[in-house]
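[1] here is a sequence with its predicted model. Questions after.
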Amino acid sequence: MIDLYTWNTPNGRKISVALEEMGLPYKVHTVNISKNEQFEPAFLAISPNNRIPAIVDPDGPGGAPISVFESGAILLYLAEKTGKFMPADPRGKVAVTEWLMWQMGGFGPMPGQVHHFLMQPEGPARDYGFKRYHTETKRLYGVLEKRLAGRDFVATEGEPSIADFAILGWAWRHERHEVPFGDLPNVAAWYARMMARPATARGFEVALS
């Protein structure tokens, strides 16, 4: 059974969705980031950057335990472990990896900054920060909208990939970062398609806090 150390955040939900979709048994260990539990020494031992999520797989490579931190690295590890949601052919792997890195480098950090500035006191600093990061967040949604034209999933055909799980974790918070789906019909259809998957739904329903 995989130990999942996490909290109810977009990055945390990526992994609960992936574990459910892959059919892997896991146990949730909540790490309350609002109480700075991510800085406790026990968590630092498995997540050197003091960030959730992290996992410990007692049945790692060669049968020995392994810990993995960073949500993208966890998704890649789980895909390799199970042989699921990552194409076997090199071209398919490149596409999935591209969109996974797109999420990790932009479609996450940018809306995360939107969340941050929305919580700040009203004033010039809040207005500047929100405009800067909200503009970029909307641009990234536009990139996703174009990518999904005529496609069911972001990087693969027939079934989703770990890139879909990663992106979905942040699209789940689209209302919070003030990006409605009214002008994004392809994103809206993809989002509904993903959320209709029973395993994905379970990944969002499991208590992470």
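    Structure received. All figures in this text were calculated on a predicted structure; none of them were measured in a lab.

[2] okay, domains of the chain per the record?
    In terms of domains, the chain is parsed into 2-85, 90-197 (source: automatic domain parsing).

[3] tabulate the ones you listed in a markdown table, adding columns for mean pLDDT and distance to Leu208.
    Yep, even glycine has a C-beta here, placed from its N, CA and C like the rest. Formatted as a markdown table, the domains of the chain follow (pLDDT from 0 to 100; distance: least, CB to CB, whole Å):
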| stretch | mean pLDDT | distance to Leu208 |
| --- | --- | --- |
| domain 2-85 | 97 | 4 |
| domain 90-197 | 97 | 11 |
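
[4] closest one to Gly203 among these?
    domain 2-85 (3.2 Å; CB to CB).

[5] return the distance of that closest one from the chain's centre.
    With CA atoms, centre = their mean, to the nearest Å as the basis, domain 2-85 stands 12 Å off its chain's centre.

[6] ok, residues contacting stretch 59-70?
    Defining contact as CB atoms under 8 Å, 6 or more residues apart in numbering, one finds that stretch 59-70 is touched by 45-49, 51, 53-58, 74, 77.

[7] that one: which residues count as buried?
    Gly60, Val68, Phe69, Glu70 (16 or more other CB atoms under 10 Å).

[8] nearest to Leu144 among the residues you listed?
    Scanning the buried residues of stretch 59-70 for proximity to Leu144, where the rule is CB to CB, the winner is Glu70, at 21.6 Å.

[9] break down the chain into its strands, ranges please.
    In the chain, the segments counted as strands under DSSP state E are 2-6, 26-30, 54-57, 66-69.

[10] in JSON lines, list those strands along with distance to Trp190.
    Formatted as JSON lines, the strands of the chain follow (distance: least, CB to CB, whole Å):
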{"stretch": "strand 2-6", "distance to Trp190": "24"}
{"stretch": "strand 26-30", "distance to Trp190": "26"}
{"stretch": "strand 54-57", "distance to Trp190": "26"}
{"stretch": "strand 66-69", "distance to Trp190": "27"}
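
[11] looking at the ones you listed, which is closest to Phe130?
    Nearest to Phe130 among these is strand 2-6; the distance by CB to CB comes to 27.4 Å.

[12] pull the longest helix from this structure.
    Using DSSP state H, we find that the single longest helix of the chain is helix 124-147.

[13] can you list contacts of that one?
    99, 102, 106-107, 110-111, 113-114, 116-118, 120, 154, 167, 171, 174, 177-179, 184-187.

[14] against Arg139, how distant is Lys146?
    Remark: distance between Lys146 and Arg139 (CB to CB, to the nearest Å) = 11 Å.
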